[in-house]
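**Student:** can't give you the sequence, but here's the structure:
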Ligand code: ADP
C-alpha cells in the first residue's frame, strides 16, 4: 500500500490562556489516502481550524508528528516547512481571497509563476484548470465580475494550480447559497477523484459531507470516524 498523503500521529495542541491551558487536540490521529476526500464535521470551537492549520504546516503541534507522505514535519526548520507547504498543499478558505485587480486566469497563473513556470506555461495550465471547473468562458473576468460560486471555483483552481498532493478547505461553501454550494462541492470532489489529490474539508453541511468518501469529527480532542 502507498503512504498516506497526510498522517497526523498523536497530535497534541494546547493554547495557553490567562486562566490555565486549553487542550484542543489530545493525541489526534488521522490518515488521508491519495484520491480520498474527507469531511471534517464538528461544532464551532471543537478545533477544526486548529487541525487544518496543523495539517497545513501553518501551526506546529505541541506533541506528536505530522507526516506529509513519509516526511515528518513537526521539527523541521520554518523555511523547509514553508517550501513544503508551497509545493505539497493547497488551501481554500470560506472567502475566496482572489486578487481583485487580476483576471480569473491571472489569479490561477500567479502561484505557478512564483514557482518558476513561464507565463505561457502558467497561462495554459490555468486555462485548462478553469475550463475543467466550468469556467472556460470566464477566464478574462475579474473577481468582481464573477458570481460567488464562480469566485470559489477560481479559488479551488488556484489552490491546485501547483499540483499539490493535499487540499485543505475550511468551510469552502459556507458563504454560498445551497444550490451554488452543491455545485462548487461537486467540482471539488470531481477534481479530487480525477487527480488523486487527498482533500480534508471542514464543513457544517452534513448533506455535502455525505457526498465525500469519509466523515470524521472531533470529540474530546480526538479525531473520530462518523457513520
Ligand atoms: P473550530 O474551527 O472548530 O471552530 P478552532 O480550531 O478555531 O475551532 O478553535 C478551537 C478552540 O481553540 C476555540 O475554543 C478557540 O477559542 C481556541 N483557540 C483557537 N485559536 C486560539 C489561539 N491562538 N489562542 C487561544 N485559543 C485559541
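**Tutor:** It's in. Note that the structure is predicted; figures quoted are calculated from it, not measured.

**Student:** for the helix or strand containing residue 21, buried residues please.
**Tutor:** Element membership for residue 21 (DSSP states H and E) is strand 20-32. Across strand 20-32, burial judged by 16 or more other Cβ atoms under 10 Å covers 24, 25, 26, 27, 28, 30, 31, 32. Glycine gets a C-beta too; all of them are placed from N, C-alpha and C.

**Student:** and residue 113, how far from residue 74?
**Tutor:** Distance of residue 113 to residue 74, given as Cβ to Cβ, to the nearest Å: 31 Å.

**Student:** same question, residue 45
**Tutor:** 24 Å.

**Student:** so between the two, which is more surrounded?
**Tutor:** Neighbours per residue (other Cβ atoms under 10 Å) separate residue 45 from residue 74, with residue 74 holding more: 17 against 10.

**Student:** centroid residue for the chain?
**Tutor:** Centroid-nearest residue in the chain, with Cα atoms, centre = their mean: residue 168, separated by 1.5 Å.

**Student:** element containing that residue, please.
**Tutor:** strand 166-170.

**Student:** who's the nearest residue to residue 197 once chain neighbours are set aside bridged to?
**Tutor:** The shortest distance from residue 197 to any non-neighbouring residue, by Cβ to Cβ, 6 or more residues apart in numbering, is to residue 167 (5.2 Å). Going by DSSP bridges, residue 167 is paired in beta bridges with residue 90, residue 199.

**Student:** what residues does the chain have near the ligand?
**Tutor:** Neighbours of the ligand within the chain, by Cβ under 6 Å from any ligand atom: 15, 22, 24, 42, 44, 45, 46, 47, 48, 49, 50.

**Student:** the first one contacts residue 24, doesn't it?
**Tutor:** So the one you mean is residue 15. Yes. Here residue 15 reaches residue 24: they are 6.4 Å apart, a contact under Cβ atoms under 8 Å.
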